[in-house]
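[1] Give me coordinates for this.
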Amino acid sequence: MSFSLYVDEDRWRGHLSSLVSSSPGLAPVIKGNGYGLGLGRLAAEAERLGVDTVAVGTSDELPRVREHFGGDVLVMTPSYPRPEPDPTGRVMRTVSHVSALREAAGARVVLEAMTTMRRHGIGPADVAEAARLLTDVRLEGVAFHLPIDRQGGYDPAVEVATWLERFGAAGVPTDVAWVSHLTADELARLRAQFPTTTFRPRIGTALWLGDREALVARGTVLDVHPLGRGERYGYRRRRAVRDSHLLVISGGTAHGVALEAPRVARGPVGRGKALAVGTLAAANLSLSPFRWAGHQRWFAEPPHMHVSLVLLPASVTPPRIGDELDCDVRLTTIHPDRVAPLVGRRRR
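    Numbers count the residues shown, from 1 in each chain. Okay, the predicted model is just below:
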């Protein structure tokens, strides 16, 4: 009676192979919850794909990834105050402070530039000093973590080109450039402009979740209760406003159900939708991510740790105990009880 993530393995692996073959130098990103699939599984898939390097978010993710992947691993979170020791020789550390570069003697490092994303990186004023300190490290390239949004005419390829010219003028080798969030067209332009630089795109979401139809989360129905108008239910003892079925479904906050990051609302339509959702929430009405009989169904109350209570109109034939309901959940925040091959229909 689990909350499950099902994978159409042939379709999913077909997408992985296609993207890797069409993206020279691709370094799969394996971080966080493993995009819902788990760090170990993604590391094993990277090994199967034959890539030479993967990228992780933090040092804490290294043991699980290296257990299943035999190549090099780039840690994208910068090392501070100094790179951690690596007896294996397989780990490349990101450095984004001159002070950390001073402490990095002998380490394999990637020097990150401060892009207009302004998350990590050395600034233009520190480039000359960074260049002087490179004699004591094994420089494995420079890195650029770029904004996703292209509003206002922003061109990330121009930003990367400006930085490559700046590094080159200061004597920082630009043989390898690790980049995040560039399109294929933007990469093609940069490769034409800088033919002696090897560009290594770091790709996570577009790789592992790029064919969303190959992945579906489902919660198992644990109980179905008839609920008469006026009857109370749940932790807060709400009253049913009409005759209903109360569904108890596996999948709660511990699984990542109903946990969402804030979204950017743009334009009248986007702001109108955000306002409507907020107004409904103020009235204690929230749509659940669970679907039955072709419609997204309402939460009866906020999800519990391991289950969700969902209301179904009495006029709709309810599922049976043991049936599964599709759950439209964000895969970068879920922690399913199991990951299993998808058999039969993709969507219900």
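[2] tell me the average confidence for the longest strand anywhere in the chain?
    Under DSSP state E, the strand in the chain containing the largest number of residues is strand 215-227. Predicted confidence along strand 215-227 averages 98 (mean pLDDT).
[3] Tell me the first helix or strand C-terminal of that strand.
    Read in the C-terminal direction, the helix or strand following strand 215-227 is strand 232-233, with elements assigned using DSSP states H and E.
[4] Domains in the protein, by residue range?
    Listed domain ranges for the chain are 8-208, 213-341 (source: automatic domain parsing).
[5] Now mean neighbour count and distance to residue 2 too, for those, in a markdown table please.
    Using the backbone N, CA and C atoms, a C-beta is placed for each residue, glycine as well. Converted to a markdown table, the domains of the chain look like this (neighbours: other Cβ atoms under 10 Å; distance: least, Cβ to Cβ, whole Å):
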| stretch | mean neighbour count | distance to residue 2 |
| --- | --- | --- |
| domain 8-208 | 18 | 14 |
| domain 213-341 | 16 | 4 |
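[6] Indicate which one of the ones you listed is closest to residue 1.
    Distances from residue 1 to each of the domains of the chain were compared using Cβ to Cβ; the minimum, 4.7 Å, belongs to domain 213-341.
[7] Export the longest strand of the chain to CSV, keeping only CA atoms.
    Presented in CSV, the C-alpha positions along strand 215-227 are these (Å, rounded to 0.1, in the frame of the first residue of the first chain):
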residue,chain,number,x,y,z
LEU,A,215,7.2,8.9,-15.2
VAL,A,216,4.0,8.8,-13.1
ALA,A,217,3.5,9.0,-9.3
ARG,A,218,0.6,7.1,-7.8
GLY,A,219,-0.9,6.8,-4.4
THR,A,220,-2.7,3.7,-3.2
VAL,A,221,-6.2,3.9,-1.8
LEU,A,222,-6.1,2.6,1.8
ASP,A,223,-9.7,3.2,2.8
VAL,A,224,-13.0,4.6,1.4
HIS,A,225,-15.6,5.9,3.8
PRO,A,226,-19.1,7.1,3.0
LEU,A,227,-19.6,10.6,4.4
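[8] Could I get the full set of helices for the stretch 101-250 of the chain?
    Ranges of helices in the stretch 101-250 of the chain, per DSSP state H, counting those that start in this stretch, are 127-133, 156-170, 184-193, 205-208.
[9] Export those helices to JSON lines and append columns for distance to residue 322 and mean pLDDT.
    Shown next, in JSON lines, are these (distance: least, Cβ to Cβ, whole Å; pLDDT from 0 to 100):
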{"stretch": "helix 127-133", "distance to residue 322": "60", "mean pLDDT": "98"}
{"stretch": "helix 156-170", "distance to residue 322": "49", "mean pLDDT": "98"}
{"stretch": "helix 184-193", "distance to residue 322": "45", "mean pLDDT": "98"}
{"stretch": "helix 205-208", "distance to residue 322": "30", "mean pLDDT": "98"}
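[10] Just put these in JSON lines and tack on distance to residue 338.
    Formatted as JSON lines, the helices of the stretch 101-250 of the chain follow (distance: least, Cβ to Cβ, whole Å):
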{"stretch": "helix 127-133", "distance to residue 338": "47"}
{"stretch": "helix 156-170", "distance to residue 338": "38"}
{"stretch": "helix 184-193", "distance to residue 338": "35"}
{"stretch": "helix 205-208", "distance to residue 338": "17"}
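[11] Residue 257: which of those is closest?
    Across these, the minimum distance to residue 257, taken as Cβ to Cβ, is reached by helix 205-208, at 19.8 Å.
[12] Give the other helices and strands that the closest one contacts.
    The elements that helix 205-208 packs onto, with contact taken as 3 or more Cβ pairs under 8 Å, 6 or more residues apart in numbering; DSSP states H and E, are helix 9-22, strand 27-30.
[13] Apply 7 Å and report the result again.
    With contacts defined as 3 or more Cβ pairs under 7 Å, 6 or more residues apart in numbering; DSSP states H and E, helix 205-208 has these neighbours: helix 9-22.
[14] quick check: angle from the helix it packs on to strand 215-227?
    Between the direction of helix 9-22 and that of strand 215-227, the angle (axes from the mean of the first three to the mean of the last three Cα atoms, to 10 degrees) works out to 140 degrees.
[15] which other helices and strands contact helix 9-22?
    Under the contact definition 3+ Cβ pairs under 7 Å, 6+ apart, helix 9-22 sits against helix 39-49, helix 205-208.
[16] Give me the residues contacting it.
    With Cβ atoms under 7 Å, 6 or more residues apart in numbering as the test, helix 9-22 has contacts from 26, 45, 49, 51, 206-207, 210-211, 214-215, 341.
[17] cool, stretch 120-130 as well?
    Contact with stretch 120-130 is made by 78, 96-98, 101, 111-115, 145, 166-167, 170, 172, as judged by Cβ under 7 Å, 6+ apart.
[18] Done for today, thanks.
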